[in-house]
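> What would the 3D arrangement of this be:
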Amino acid sequence: MDNRAAALAWCSVAVTIGLAGPSVGAAFEQARPALARITMEVTNLSDVSPAILDRAEVEVGRTFRRMGVKVIWLAAAPGPAGPRAGSDFTIKLIIQPRLAGTSPHGSRSVMAFAPRMQSTREGSIYVFYDRVTDVAAVNRADTALLMGNVISHEMGHLLLHHAAHAAEGLMRGIWDADAIRQGAAGLLWFSPAELHEIRETLSTCCTL
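Residues are numbered from 1 along each chain as shown. So this is what the prediction gives:
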């Protein structure tokens, strides 16, 4: 297994294609006071429009704000990385046009993946924009909302420090039509146990 396959085997979002109805408004949630912060360094190598990317960022922020985590979005600067903020968990988000080669879940099933982390306070996420738009089109889903849910899922893997998927919720492994419908309605969340573990991760390195 080469490095790419090994990385994909560790953590990826797979989907089961189905048909879903149009998206509905996000569910109301009570935001917690910000207790920790995550910095997202975005490299957009695809043709994602600023409008779609902005709405995806809003969806990610909504998900994490609910647990008291503030997400700061930055465009990745060219050249070597500079010094990192001491209070931030830093994630590099790379949006690629497509996934080259094959995936362990089938040629059209992986929308994103997060390679195994080398640090307890930073990591990377790769999103494949053609997969996201394909799944959104087939399921009649909002591309920006779906991408926001996919990014949040991969952030969860980095913060939970493992590749395991749940049977339901935001960390489920297979996203069928029902899951995508729940995401469009703002009903995909981390479980209480996952929330606790994520807060524990951030409390050890990245509190404000």
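> Only C-alpha atoms from now on, for both contacts and neighbour counts.
OK.
> in terms of contact, does Ile151 touch Glu59 like I think?
No. Taking contacts as Cα atoms under 8 Å, Ile151 lies outside contact range of Glu59: 9.4 Å.
> Find the centremost residue of this structure, please.
Residue closest to the mean C-alpha point of the chain, counted by Cα atoms, centre = their mean, is Ile151 at 1.6 Å.
> Could I get the full set of strands for this structure?
For the chain, the strands defined by DSSP state E cover 12-15, 36-44, 69-75, 88-96, 110-113, 122-128, 174-175.
> Report the mean confidence score over the first one.
The pLDDT scores in strand 12-15 average 58.
> swap in the fifth one?
Rounded to a whole number, the mean pLDDT of strand 110-113 is 91.
> Would you mind writing the CA trace of that strand as PDB?
Coordinates of the C-alpha atoms in strand 110-113 are reproduced here as PDB (Å, rounded to 0.1, in the frame of the first residue of the first chain):
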ATOM      1  CA  VAL A 110     -14.600   9.500  -1.200                       C
ATOM      2  CA  MET A 111     -15.300  13.300  -0.800                       C
ATOM      3  CA  ALA A 112     -12.400  14.100   1.600                       C
ATOM      4  CA  PHE A 113      -9.800  12.600   3.900                       C
END
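> From the contact counts, what lies against it?
Counting by 3 or more Cα pairs under 8 Å, 6 or more residues apart in numbering; DSSP states H and E, the packing neighbours recorded for strand 110-113 are strand 12-15, strand 122-128, helix 129-138, helix 143-160.
> Alright, calling it a day.
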